[in-house]
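Trainee: Below are the sequence and a predicted model; questions follow.
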Amino acid sequence: MHWDLPSDLTQSGIREILNLALEHPGTIRLETGEPNFPPPPHVLSAYVDASRRGHNRYTSTQGIFPLREALQEKIQRVNGVVRNPDEILVTPGGLPALFLAFLGTCGRGGAVMVPDPGWPDYLGGMMSLGIEPIGYALKPPHYNPSLDELERILTPNTRAIVLNFPGNPTGRVLPKADMEDLVRFAEHHDLWIISDEVYDQIVFDVLPWSPARMAPERTLSVYSFSKTYAMTGWRLGYLAGPEPAVQSLTRVAMGVWSSVSEPLQYAGLGALQGPQQVVSDMVAQYRQRRDRAIAQLKNYGLATNCPDGAFYLLVDISPSGLPSRTLALRLLNDKGVAVAPGSAFGRNAENYVRISLASSEQDLAVGLEKLRDFIHEEQAHR
């Protein structure tokens, strides 16, 4: 029998550490981007109420109209982009939306430019479709793409570029002028822009500027409820783009997941229509954790970035002399602390580990202390 999936598909470096951490109860979990807050009460109420009212049936593949109408309002209010409900597709999480975006722009084949460092799950979706990932560097301290590099690595087979601001793992929010340069690059080379805006409302110092504000006709924007409303396990996301593209992707979704759970969609509607102070409160907590963690690391003599958004720190582990995966595995085994190895995000993050600010303040403080101890012990042995 013939099996057609690529044989080199592997789990991400984050998932490797996560799975090992699950085998060790009591591990300090700093490796995953999962808020330690519960979903807001009005989200839980909306889900239960919808179920009790009989909203437990198939829906339109594109999503219930009241939710898409509320998403239209949110996209205009938060992202500054005018879309109509027919330009929005509700998805079972952000990942399926990204997968559809890769499928629609490249089919089976083609090439897509992706950030390095960048979220490793981009690669899994692309490789399963036979799409070639072309990494473009995001280098400290500013983590800005280089237009010269983009021109140099562009191939005739390139169909799209992935932009992720606020970024995972860098936390970078790109200023308007820099985003305009990237949009002009995409327009000049007739590329699709796949804009991963999952962290669009988790920002501290600089407001994000969506490329869809400048090029709505060539931008597929991907969003999620997971980070904004602490709903990671609910699996609810959405994609917005030009109507012909969204309608085409909806027909694909019809044969894949048919429709997203109806009570879950009403929970999403409840999230959007309920009090938004819960989002501001969570972001304030992330900001406080960021500032305290940076101060703690500075006191330890360990270098890190200062993210504009999202909830991650990239901590320089080069003083340890260890590859990031080796350090992450040994830190887990020796100190009971789970961190994400920089190698999971690309070669440009090899000298770093990613620390999640979505963990509790106590876990964060103790975990960073144990990281310091581990690095100092390694230095003493060299």
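Mentor: Arrived safely, thanks for sending. Keep in mind it's a predicted model, so treat the numbers as computed, not measured. Numbering: from 1, shown residues only.
Trainee: Give me the neighbour count for the residue nearest to P208 when sequence neighbours are not counted.
Mentor: Among residues not flanking P208 along the chain, V173 sits closest, at 5.2 Å (C-beta to C-beta, 6 or more residues apart in numbering). The way it works is simple: take the backbone N, C-alpha and C, and place the C-beta from them, glycine included. V173 has 24 neighbours, counted by other C-beta atoms under 10 Å.
Trainee: pretty sure V173 contacts S210?
Mentor: No - contact criterion C-beta atoms under 8 Å: V173 and S210 do not qualify, at 11.1 Å.
Trainee: got a pLDDT number for R382?
Mentor: R382 is assigned a predicted lDDT (pLDDT) of 74.
Trainee: Identify the residues contacting it.
Mentor: By C-beta atoms under 8 Å, 6 or more residues apart in numbering, the residues touching R382 are G321.
Trainee: tell me which residues of the helix or strand bottoming out on mean pLDDT in the chain are tucked away?
Mentor: Here the helix or strand of the chain ranked lowest by mean pLDDT, DSSP states H and E is helix 121-128, holding a mean of 92. Of all the residues in helix 121-128, those buried under the rule 16 or more other C-beta atoms under 10 Å are D121, Y122, L123, G124, G125, M126, M127.
Trainee: ok, then the element right after that helix?
Mentor: Using DSSP states H and E, the next helix or strand after helix 121-128 towards the C-terminus is strand 132-137.
Trainee: Contacts for that following strand, please.
Mentor: With contact meaning C-beta under 8 Å, 6+ apart, strand 132-137 is reached by 110-116, 118, 122-123, 126-127, 145-146, 149-150, 153-155, 157-158, 161, 346-348.
Trainee: Please repeat the previous calculation with a cut-off of 10 Å.
Mentor: With contact meaning C-beta atoms under 10 Å, 6 or more residues apart in numbering, strand 132-137 is reached by 102, 106, 109-118, 122-123, 125-127, 143-147, 149-150, 152-155, 157-159, 161-162, 346-348.
Trainee: which non-adjacent residue is nearest S195?
Mentor: Spatially, and ignoring its direct neighbours in sequence, S195 is nearest to S221 (4.6 Å; C-beta to C-beta, 6+ apart).
Trainee: now the closest residue to I153 other than its chain neighbours, which residues is it bridged with?
Mentor: Closest residue to I153 apart from its sequence neighbours, by C-beta to C-beta, 6+ apart: I134 at 5.5 Å. Note on I134: beta-bridge partners by DSSP bridges are M113.
Trainee: Let's see stretch 176-185 as CSV, backbone CA atoms only.
Mentor: Output of stretch 176-185 as CSV, limited to C-alpha atoms (Å, rounded to 0.1, in the frame of the first residue of the first chain):
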residue,chain,number,x,y,z
LYS,A,176,3.6,51.2,10.7
ALA,A,177,6.4,52.4,8.4
ASP,A,178,8.2,49.0,8.5
MET,A,179,4.9,47.2,7.9
GLU,A,180,4.2,49.4,4.9
ASP,A,181,7.6,48.4,3.5
LEU,A,182,6.7,44.7,3.8
VAL,A,183,3.4,45.3,2.1
ARG,A,184,5.0,47.0,-0.8
PHE,A,185,7.5,44.1,-1.1
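Trainee: Need the contact partners of that stretch.
Mentor: Outside stretch 176-185, the residues touching it (C-beta under 10 Å, 6+ apart) are 113, 142, 144-145, 147, 150-151, 154, 161, 163, 165, 172-175, 191, 193, 195, 206-215, 218-219.
Trainee: Could you rerun that using 8 Å?
Mentor: Under C-beta under 8 Å, 6+ apart, the answer for stretch 176-185 is 144-145, 147, 150-151, 161, 163, 165, 174, 191, 193, 209-211, 214-215.
Trainee: same deal with stretch 145-153?
Mentor: Contacts for stretch 145-153 (C-beta under 8 Å, 6+ apart): M113, P115, I134, Y136, A137, L138, I161, D178, D181, L182, F185.
Trainee: Can you get me a residue count around the nearest residue to S224 once chain neighbours are set aside?
Mentor: Take S224 and drop its neighbours on the chain: the residue closest to it by C-beta to C-beta, 6+ apart is G94, 3.7 Å away. G94 is flanked by 24 other residues according to other C-beta under 10 Å.
Trainee: picking up where we left off before, secondary structure class for the residue nearest to P208?
Mentor: Put simply, V173 is coil when judged by DSSP: H, G, I helix; E, B strand; the rest coil.
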